[in-house]
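Student: show me the folded form of this:
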Amino acid sequence: MAKAKAKPKEKGKTEAKAEEGYDTATLYKNYVQVCDNIGIEPYNELKQIVSTTGEQIIITGSSTDKLSSGCRALMNALSGKLEEGTTTEPFTLLKDLRIRSSNINDCGAIAVATFIRASAEVKQGVVGTVQTQGKLQFLDLSDNNIGQQGALHLGRSLEVGMNKTLTTLLLDFNSLGPEGASALCKGIATNSSLTVLSLKHCKIDSMGGEHISAMLAFKKLALTTLDLSGNCLGGAGLAELCKGLGENSSLTTFRLADNNTRQTDEDLAALEAFGQVLLTHSKLSEIDFDHNHIGSIGGKLLLPGVSENKQITTFKISEIDMDEETYKALFRVSNASKSKGSKGKKKGKKKKK
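Tutor: Predicted structure coming up:
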């Protein structure tokens, strides 16, 4: 807290923030006011959670139970909506918002989506030009019991003409299902600024593959990284994804580990199509297909695409039921990937038994 009081010494920065938006103390004051208006207890620890610059808010874990019912209050304070008919300037300094494992559910996600839309609103600049008020770039709402409705509103807040600053969205460990994935992807498909989307362990089955595929096929899509690990797309979902991947020209990193693709006839047909995508895709360089037990037969279907496309520098695959020659020909990890995940790699080796 003492550090926060020392901020006025930096007069230049204080003046700049006065032009851009109010300070963190005013944000907390507005948050308390909104809590009073809707009849809930404010989350006092918010003072410590907001970074002294106001650029980052990180809330994680069971200690944030009080915030679960107050997510709407926090988002309203950030948006400058203090009560019915009363507004103030939105808090425009926030770049990084992480609310994880706090059970905000669909209601909280809808509140966050409302804030995203509000931060995308524009105001007149000093010379009559129009400028975006918000600066939010990174949003993590992992493990929050968000379902279809929350995903729908988040997707709408990111569709064309809405937010243009967000580059990273993490929704891991939420029960989106195929319906939620569909609702989310419809909005993201027309977004030309989001570059990283993570939907790990979101209960997306084969039906979700069609909707994600449609998103991947959009020409203005900016996504470079898509993580679908830990879902249950299977062969049917992979076959659908291949249709969109064949039209895609933005992805460089694609993670599809642990998606229940094995060695059924349906799976093998999908793997053959995936092999063709790997052969022709113009940008893909890093693929994680680990923990899918496709065996030697499935591996050989991917081999031409992986070996002939020299752009693919990282390809992770399960060695279960796969002959050593095929595994060695497929598996590769770039030096960059090794340095990024050296600790994780040690853990992975222990699974080889």
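Student: how about the strands in this protein?
Tutor: Under the criterion DSSP state E, the chain contains strands at 56-60, 81-83, 86-87, 96-100, 122-124, 130-132, 138-140, 168-170, 196-198, 225-227, 253-255, 286-289, 314-317.
Student: so which elements touch the first one?
Tutor: Meaning strand 56-60. Applying 3 or more C-beta pairs under 8 Å, 6 or more residues apart in numbering; DSSP states H and E, we find strand 56-60 packed against helix 46-49, strand 96-100. Yep, even glycine has a C-beta here, placed from its N, CA and C like the rest.
Student: if you set the cut-off to 6 Å instead, what comes out?
Tutor: Under the contact criterion of 3 or more C-beta pairs under 6 Å, 6 or more residues apart in numbering; DSSP states H and E, strand 56-60 touches strand 96-100.
Student: what average pLDDT does the strand it packs on get?
Tutor: Strand 96-100 comes out with an average pLDDT of 96.
Student: what comes into contact with that strand?
Tutor: With C-beta atoms under 6 Å, 6 or more residues apart in numbering as the test, strand 96-100 has contacts from 56-60, 138-143.
Student: dump it to PDB, keeping only the CA atoms.
Tutor: Taking Å, rounded to 0.1, in the frame of the first residue of the first chain, the C-alpha atoms of strand 96-100 are listed here in PDB:
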ATOM      1  CA  ASP A  96      -4.400  -7.500 -18.500                       C
ATOM      2  CA  LEU A  97      -7.400  -9.100 -16.800                       C
ATOM      3  CA  ARG A  98      -7.200 -12.500 -15.200                       C
ATOM      4  CA  ILE A  99     -10.100 -13.900 -13.200                       C
ATOM      5  CA  ARG A 100      -9.400 -17.600 -12.700                       C
END
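Student: tell me the contacts of Glu266?
Tutor: Contact analysis of Glu266 by C-beta under 6 Å, 6+ apart lists Gly235.
Student: rewinding a little: can you pick the most crowded of the contacts of strand 96-100?
Tutor: Leu141 (24 neighbours; other C-beta atoms under 10 Å).
Student: so what's that one up against?
Tutor: 99, 171.
Student: switch to 8 Å and redo it
Tutor: Contact analysis of Leu141 by C-beta atoms under 8 Å, 6 or more residues apart in numbering lists 99-100, 104, 109, 112, 154, 170-171, 174.
Student: just the buried subset of these, written out for ChimeraX, thanks.
Tutor: The following ChimeraX line selects those of these that are buried, judged by 16 or more other C-beta atoms under 10 Å:
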select :99,100,104,109,112,154,170,171,174
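Student: could you dump the contacts of Leu141 to JSON lines with distance to Ser193?
Tutor: Below are the contacts of Leu141 laid out as JSON lines (distance: C-beta to C-beta, whole Å):
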{"residue": "Ile99", "distance to Ser193": "21"}
{"residue": "Arg100", "distance to Ser193": "23"}
{"residue": "Ile104", "distance to Ser193": "24"}
{"residue": "Ala109", "distance to Ser193": "20"}
{"residue": "Val112", "distance to Ser193": "17"}
{"residue": "Leu154", "distance to Ser193": "15"}
{"residue": "Leu170", "distance to Ser193": "16"}
{"residue": "Leu171", "distance to Ser193": "17"}
{"residue": "Asn174", "distance to Ser193": "22"}
